[in-house]
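S.K.: just need the structure, nothing else, for what follows:
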Amino acid sequence: MPKAFALAAVLGATALAGCTQNINPTDTDRALIGAGAGAVIADLAGENVIAGAALGGAAGALCNDVRLCE
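M.R.: Predicted coordinates:
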């Protein structure tokens, strides 16, 4: 997986997970949203969907820990 794609997937999933601020999401909620976004981005880019979902899920779950989506 190219580094640019991995970076785009992580940033996209983090940004999307940050959109859930008004519903007080848990780490699981953000991980599911991020995994979905990562899978869609990977599919559109013609990359491995499972890897995209894994990257997106990790980014979504951890985005509040690094204060990107509080």
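
S.K.: list the buried ones in whichever helix or strand Ala37 is part of?
M.R.: Taking DSSP states H and E as the criterion, Ala37 maps to helix 27-45. Judged by neighbour count (16 or more other CB atoms under 10 Å), helix 27-45 contains these buried residues: 30-42, 45. In short, each C-beta sits where N, CA and C put it, glycine included.

S.K.: nearest to Arg67, of these?
M.R.: Using CB to CB, Arg30 comes nearest to Arg67 of those, at 13.3 Å.

S.K.: surely the closest one touches Ala61?
M.R.: Yes. Using CB atoms under 8 Å, Arg30 makes contact with Ala61 at a distance of 5.7 Å.

S.K.: mind putting the buried residues of helix 27-45 into JSON lines with distance to Ala4 and pLDDT?
M.R.: Listed next are the buried residues of helix 27-45 as JSON lines, based on distance: CB to CB, whole Å; pLDDT from 0 to 100:
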{"residue": "Arg30", "distance to Ala4": "23", "pLDDT": "84"}
{"residue": "Ala31", "distance to Ala4": "23", "pLDDT": "87"}
{"residue": "Leu32", "distance to Ala4": "25", "pLDDT": "86"}
{"residue": "Ile33", "distance to Ala4": "22", "pLDDT": "84"}
{"residue": "Gly34", "distance to Ala4": "18", "pLDDT": "85"}
{"residue": "Ala35", "distance to Ala4": "20", "pLDDT": "89"}
{"residue": "Gly36", "distance to Ala4": "21", "pLDDT": "87"}
{"residue": "Ala37", "distance to Ala4": "17", "pLDDT": "85"}
{"residue": "Gly38", "distance to Ala4": "15", "pLDDT": "86"}
{"residue": "Ala39", "distance to Ala4": "18", "pLDDT": "88"}
{"residue": "Val40", "distance to Ala4": "17", "pLDDT": "85"}
{"residue": "Ile41", "distance to Ala4": "12", "pLDDT": "84"}
{"residue": "Ala42", "distance to Ala4": "13", "pLDDT": "87"}
{"residue": "Ala45", "distance to Ala4": "10", "pLDDT": "84"}
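
S.K.: what average pLDDT does the helix or strand Phe5 falls within get?
M.R.: Element membership for Phe5 (DSSP H and E) is helix 3-17. Rounded to a whole number, the mean pLDDT of helix 3-17 is 70.
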